[in-house]
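# need a 3D model of the following:
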Amino acid sequence: MRKPTLYANLKKCIFGASEIPVLGCLVVKNGVRPDPGKVRVINEWTTPSNVKELRQFLGLATYLFKYVSNYAGKIRPLSQLLKKEAAWDWTAECQQAFDAVKQGLTEAPILAVADQHRPFHIVCALMHESRGT
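I've put the predicted structure just below:
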């Protein structure tokens, strides 16, 4: 570290810890998992009553999207409410999407690097509608 003049601040170093907080996630022995504090905040979030509250919820949830399977598909009804011309109409479908995101984070897996010595599958989603500008 000294050759390129990099130094460590011992007051900020963590040695011998079983988990280390990094950018809203916890790095553990087996991989990376979401910070339980952020997951708790999302689980305690009340149903949004306007666009501003929905944006706040999605802002935090999107930060942890990699832990929720099919995140983009789950938030689609919520994303429709964020469009400029959309009227605020919180439907049962929106509530299901809201609950699905919260549930997905509650059951969040520990993300780990794939074991190259074991078989694994890559799954891709095919969309029948175009996206983009």
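
# which parts of this protein are helices?
36-43, 51-63, 71-80, 92-106 (DSSP state H).

# got the buried residues for the longest one?
Pointing back at helix 92-106 there. Neighbour-count burial for helix 92-106, counted by 16 or more other C-beta atoms under 10 Å, picks out Cys94, Ala97, Phe98, Ala100, Val101, Lys102, Gly104, Leu105. Using the backbone N, CA and C atoms, a C-beta is placed for each residue, glycine as well.

# ok, back up a step: worst average pLDDT in the helices of the chain?
With a mean of 87, helix 36-43 has the lowest mean pLDDT of these.

# tell me what that helix is packed against?
helix 51-63, helix 92-106 (3 or more C-beta pairs under 8 Å, 6 or more residues apart in numbering; DSSP states H and E).

# let me have those in TSV, extended by distance to Glu44.
As requested, those are exported to TSV (distance: least, C-beta to C-beta, whole Å):
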stretch	distance to Glu44
helix 51-63	11
helix 92-106	9
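
# could you point out which of those sits nearest Leu23?
Minimum separation from Leu23 across these (C-beta to C-beta) falls at helix 51-63, 9.2 Å.

# how about residues contacting the closest one?
With C-beta atoms under 8 Å, 6 or more residues apart in numbering as the test, helix 51-63 has contacts from 24, 38, 41-42, 45, 48, 68, 71, 75, 78-79, 81-82, 88, 98, 101, 105.

# show me what contacts Gln96?
Here Gln96 is in contact with Pro77 (criterion: C-beta under 8 Å, 6+ apart).
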